[in-house]
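Peer 1: make a model of this:
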Amino acid sequence: MKPTVLMTQAVQRQGEIWHSILSSQNITVIWESLDGDILGVLEQMETAGLTLPNLLLLDLGMTVTNPYRFCQVAQSRFPSLPIVITVGQERQISSAERRWALRLGATDLLPGIQESTLIATAVSHLTRILELLDALPIQQDALMESLSRLSAPLQSPPPPAPSPTVEPAAPEPSQSMQQYRGVGTVADTSTLPKGDEDGQRRRRYRGSSY
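Peer 2: So this is what the prediction gives:
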């Protein structure tokens, strides 16, 4: 049976990356909204006799409850369920903050996956998740294919082709001469991450005392 990861992500782009790299490893991903009641979802699944996720991947910006408080409650309710907390787009986390997260019941605390070092950070983070799921080794070909698709929208679009020169038509005797010109446009179809708003929402929890 394929392992299942239930996740929330405060930054859309981070969620897309996580979804892509986890799916490349034959992992079922359930992507819940930030304001979802994750504990309620787990209890409903248990009541219905459904198989619980094998791992929770929760962003620090979840809005229903503080994720560290959630870890404390979830670990008492579902003690065998690993909970990995991510911190949006942050490049690094301090060792003290990681120790605090582990003390409160998180299995691990991971920084954001960086676009500038996409392959390195994606491999590092995915390795940790697969380790917790007992699903190593990484399927490298499938991962590289997913990372290639993720990188494609980030490339600059090709320059527009030059507009063909159109010779003005000969005017009718009773009409004035008209000028024609082509205008080329390029649409930017890249996905915009909700970094600013989500970053602000996440930072409300950073530095809180519990």
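
Peer 1: for the rest of this, base every contact and every neighbour count on C-alpha atoms.
Peer 2: Fine.

Peer 1: quick check: buried residues in stretch 93-107?
Peer 2: 98, 101, 102, 104, 105, 106, 107 (16 or more other C-alpha atoms under 10 Å).

Peer 1: stretch 40-56 now?
Peer 2: 42, 52, 53, 54, 55, 56.

Peer 1: tell me the one of those residues nearest residue 34?
Peer 2: residue 56 (13.1 Å; C-alpha to C-alpha).

Peer 1: quick one, phi/psi of the closest one?
Peer 2: phi -110, psi 130 (degrees, to the nearest 10).

Peer 1: so it is in contact with residue 7, correct?
Peer 2: Yes: Residue 56 is within contact range of residue 7, at 5.7 Å (criterion: C-alpha atoms under 8 Å).

Peer 1: what about stretch 90-99, average pLDDT?
Peer 2: Confidence for stretch 90-99, expressed as mean pLDDT, is 91.

Peer 1: tell me the two of the buried residues of stretch 93-107 that are most distant?
Peer 2: Counting by C-alpha to C-alpha, the most remote pair of the buried residues of stretch 93-107 is 98 and 105, 11.0 Å apart.

Peer 1: take the buried residues of stretch 40-56 and keep only those in strands.
Peer 2: Within these, residues falling in strands by DSSP state E are 55, 56.

Peer 1: just give me the closest of the buried residues of stretch 40-56 to residue 111.
Peer 2: Closest to residue 111, out of all of the buried residues of stretch 40-56 and judged by C-alpha to C-alpha, is residue 56, at 15.6 Å.

Peer 1: check contacts around the closest one.
Peer 2: 5, 6, 7, 81, 82, 83, 84 (C-alpha atoms under 8 Å, 6 or more residues apart in numbering).

Peer 1: remind me what the host helix or strand of the first one packs against, helices and strands.
Peer 2: If you go by DSSP states H and E, residue 5 is part of strand 4-7. Using 3 or more C-alpha pairs under 8 Å, 6 or more residues apart in numbering; DSSP states H and E as the contact definition, the elements that strand 4-7 packs against are strand 28-31, strand 55-59.

Peer 1: the contacts of residue 56: which two are farthest apart?
Peer 2: 7 and 81 (13.0 Å).

Peer 1: have a look at the two and say which one is more surrounded.
Peer 2: Set side by side, residue 7 and residue 81 show more neighbours around residue 7, with 25 against 17, by other C-alpha atoms under 10 Å.
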